[in-house]
Structure formats: C-alpha cells, structure tokens
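Colleague: quick one, fold the following:
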Amino acid sequence: MPPQQPPARNEIVEWFQSIPPITKALTTLSIVATAISGLGLIQPSSLILYWPAIKSKLQLWRLVSCFFFNKFGIGFAFNVYFLYRNSLQLETEIFRGQPADYIFFHLFSSGLQLAAASVFDMYVLSDGLLLSIAYLWAQHNRDTPVTFMFGIQFKALYLPWAMIATDLLMTGSLPRASIAGMISSHIYYYLTTIYPNQGGQRFLQTPQFLKRLFPATVARGGTGGVRAGFGQTQEQPRGGGMFGRHSWGSGQRLGT
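Modeller: Numbering: from 1, shown residues only. Sure thing, here's the model as predicted:
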C-alpha cells in the first residue's frame with residue numbers, strides 16, 4: 001500500500017484551538033454578538049442593558065450580551081484584537097493554571113459594572129470589559145514600556161488613563177463605561193493584591209464552587225494570589241501600538 005498522506009493542516013483552526021478557554025470565550029462572544037446584530041439577524045436593541053426588559057420580561061441575557069455587543073467597523077476589529085491579546089496574557093501568565101480565579105475576576109468586575117450601569121444609565125459595557133482587562137494587565141506589568149498612538153512611549157501603568165483620555169478627546173463625552181471598568185478592576189486588584197501584600201486580610205476569595213467547576217491545573221504559589229509573585233510586577237520586554245479610538249492593548253503592534 002502506498003504511504004498515507006497526513007491530513008491537511010488548517011492553521012486558522014489550529015490557532016483557534018490553541019487559545020485558552022476563557023480568552024476564547026470572550027473573543028468568540030464579542031465577534032458573535034457584534035456579527036449577528038451587524039448582519040441584521042437580531043435587533044441591536046435586544047442586546048443592550050435595558051433594565052425594564054430584564055425586570056419585567058426576564059430578558060436575563062442582556063446582563064451578558066451588553067459586555068460583548070459593539071458596532072462593526074475598524075474600531076471593532078482593534079477591540080477584538082486587543083481583547084484577545086490582553087486576556088491571553090492574563091490567562092497564561094497572571095492566572096496561569098487557575099481558571100476559576102480568572103473567571104471570578106470577570107464575574108466580580110462585571111457585577112460592579114452592572115451596578116454602576118444601573119445608577120448612571122449605561123447600556124453597553126463592552127468598553128468596560130476592555131478597560132477591566134487592560135487595567136489588571138497594566139498593574140501587573142507596571143514598568144513595561146508601551147507605545148501609544150503616534151509613537152508616544154510610557155510605562156504600562158499609565159495605559160488605562162491614556163485609553164480613557166483618548167476616548168474622551170475623540171468622542172467629546174465622558175467614557176463612563178470605560179471608567180466603570182477601570183474602577184471595578186482596581187477594586188479587585190486592591191482587595192486581592194495590594195491590601196493583602198500590605199499585611200491585611202484577603203477578604204475577596206474565589207468561591208469554592210468555581211474551583212470545583214474549574215479545577216486548577218497548576219499548584220498555587222505565594223500568598224497574594226494564584227501563584228508566586230501574583231502581587232508583583234512582571235516586566236515583559238514587549239512594545240506596542242495604539243491605533244485610534246478603542247485600539248487599546250498591552251502595548252503590542254499588529255503582527256507581533
């Protein structure tokens with residue numbers, strides 16, 4: 001018999017399968033939610049955070065879809081790219097082997113953003129999701145150099161503030177969702193890292209049911225978080241680029 005030919009490789013499929021599960025879910029939901037509304041398969045108004053519909057009609061999916069709905073355009077493409085890049089680094093570095101902790105971060109920060117949305121009448125929280133991820137990444141990579149927009153370089157510590165300032169300048173309105181995302185992420189970071197590292201008690205703990213549902217694949221280390229050095233800056237020698245409104249990320253250029 002002639003030797004069998006190996007099956008043809010599909011690099012796109014292999015890349016998608018290699019993405020860690022939480023980052024894969026966040027990226028996929030962002031693409032799907034935006035695509036089905038942009039293609040007219042579903043009304044965009046059915047995806048936004050509209051409390052009367054949630055309370056009276058029990059349209060509970062709005063509590064989730066509001067974090068992933070966006071508008072088609074070049075800004076959306078950058079959003080998806082940087083959402084993927086930042087979340088990938090969090091999941092594979094800061095929360096490496098601890099999926100329950102990473103899921104709890106999103107549940108906690110999203111809960112705070114929903115509470116803020118009920119007070120300040122916010123309907124779309126996709127910018128808040130981006131800022132919460134970017135802020136936590138920046139705190140753990142405070143001294144990493146990033147390049148912003150037209151070659152302006154600064155430490156990653158200032159990245160969330162630059163993102164908010166850019167949004168403010170380009171839209172002319174206060175980016176409330178972005179601010180809510182950053183504040184919610186800071187509260188999480190303070191309760192799980194800053195305060196415990198100062199000798200205080202860690203009041204915020206990942207629930208046991210999440211740990212049972214999403215068991216750890218790497219043993220814990222240190223006392224401040226998911227592994228040794230969780231509360232310390234991890235410098236990454238990576239550069240980056242910013243490309244207009246919402247083209248935010250962990251300081252990496254497209255194609256790197």
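
Colleague: how about the helices of the chain, start to end?
Modeller: All helices of the chain, identified by DSSP state H, fall at 11-18, 21-38, 51-57, 62-65, 74-89, 99-120, 126-140, 159-171, 176-189, 195-197, 208-213.

Colleague: around the closest residue to residue 112 other than its chain neighbours, how many other residues sit close by?
Modeller: The shortest distance from residue 112 to any non-neighbouring residue, by CB to CB, 6 or more residues apart in numbering, is to residue 184 (3.7 Å). Yep, even glycine has a C-beta here, placed from its N, CA and C like the rest. Per other CB atoms under 10 Å, the neighbour tally for residue 184 reads 25.

Colleague: residue 184 and residue 207, how far apart?
Modeller: Distance of residue 184 to residue 207, given as CB to CB, to the nearest Å: 18 Å.

Colleague: check contacts around residue 128.
Modeller: Listed by CB atoms under 8 Å, 6 or more residues apart in numbering, the contact set of residue 128 reads 67, 113, 122, 177, 178, 180, 181, 184.

Colleague: neighbours of the nearest residue to it once chain neighbours are set aside, how many?
Modeller: Among residues not flanking residue 128 along the chain, residue 181 sits closest, at 3.2 Å (CB to CB, 6+ apart). If you count neighbours by other CB under 10 Å, residue 181 ends up with 31.

Colleague: for residue 152, same thing?
Modeller: For residue 152, the neighbour count with other CB under 10 Å is 10.

Colleague: now do residue 51
Modeller: Residues lying near residue 51 (other CB under 10 Å) number 15.

Colleague: contact partners for it?
Modeller: Contacts for residue 51 (CB under 8 Å, 6+ apart) come out as residue 118.

Colleague: point out where the stretch 101-250 of the chain drops to low pLDDT.
Modeller: Within the stretch 101-250 of the chain, the ranges that satisfy pLDDT under 70 run 149, 219-250.

Colleague: which residue sits closest to the spatially most central residue of the chain, ignoring its sequence neighbours?
Modeller: In the chain, the residue lying closest to the centroid (CA atoms, centre = their mean) is residue 133, at 3.4 Å. Leaving aside its chain neighbours, residue 133 sits nearest to residue 86 (4.7 Å; criterion: CB to CB, 6+ apart).

Colleague: wait, that neighbour sits on residue 135?
Modeller: No - taking CB atoms under 8 Å as the definition, residue 86 is not a contact partner of residue 135, at 9.6 Å.

Colleague: got any residues that touch both of these two?
Modeller: Shared contacts of residue 86 and residue 135, defined by CB under 8 Å, 6+ apart, are absent.

Colleague: mind checking how far residue 206 is from residue 112?
Modeller: Here the criterion is CB to CB. By it, residue 206 lies 16 Å from residue 112.

Colleague: for stretch 32-46, the distance to its chain's centre please.
Modeller: Relative to its chain's centre, stretch 32-46 lies at 21 Å (CA atoms, centre = their mean, to the nearest Å).

Colleague: quick one: end-to-end distance for that stretch.
Modeller: With CA to CA, to the nearest Å as the measure, stretch 32-46 spans 14 Å from end to end.

Colleague: pLDDT score for residue 78?
Modeller: What the model reports as pLDDT for residue 78 is 78.

Colleague: next: residue 21.
Modeller: Looking at residue 21, its pLDDT stands at 95.

Colleague: hang on, the earlier thing: in TSV: the helices of the chain, plus distance to residue 146.
Modeller: Formatted as TSV, the helices of the chain follow (distance: least, CB to CB, whole Å):
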stretch	distance to residue 146
helix 11-18	24
helix 21-38	20
helix 51-57	37
helix 62-65	30
helix 74-89	11
helix 99-120	21
helix 126-140	9
helix 159-171	6
helix 176-189	16
helix 195-197	24
helix 208-213	32
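
Colleague: noted, bye for now.
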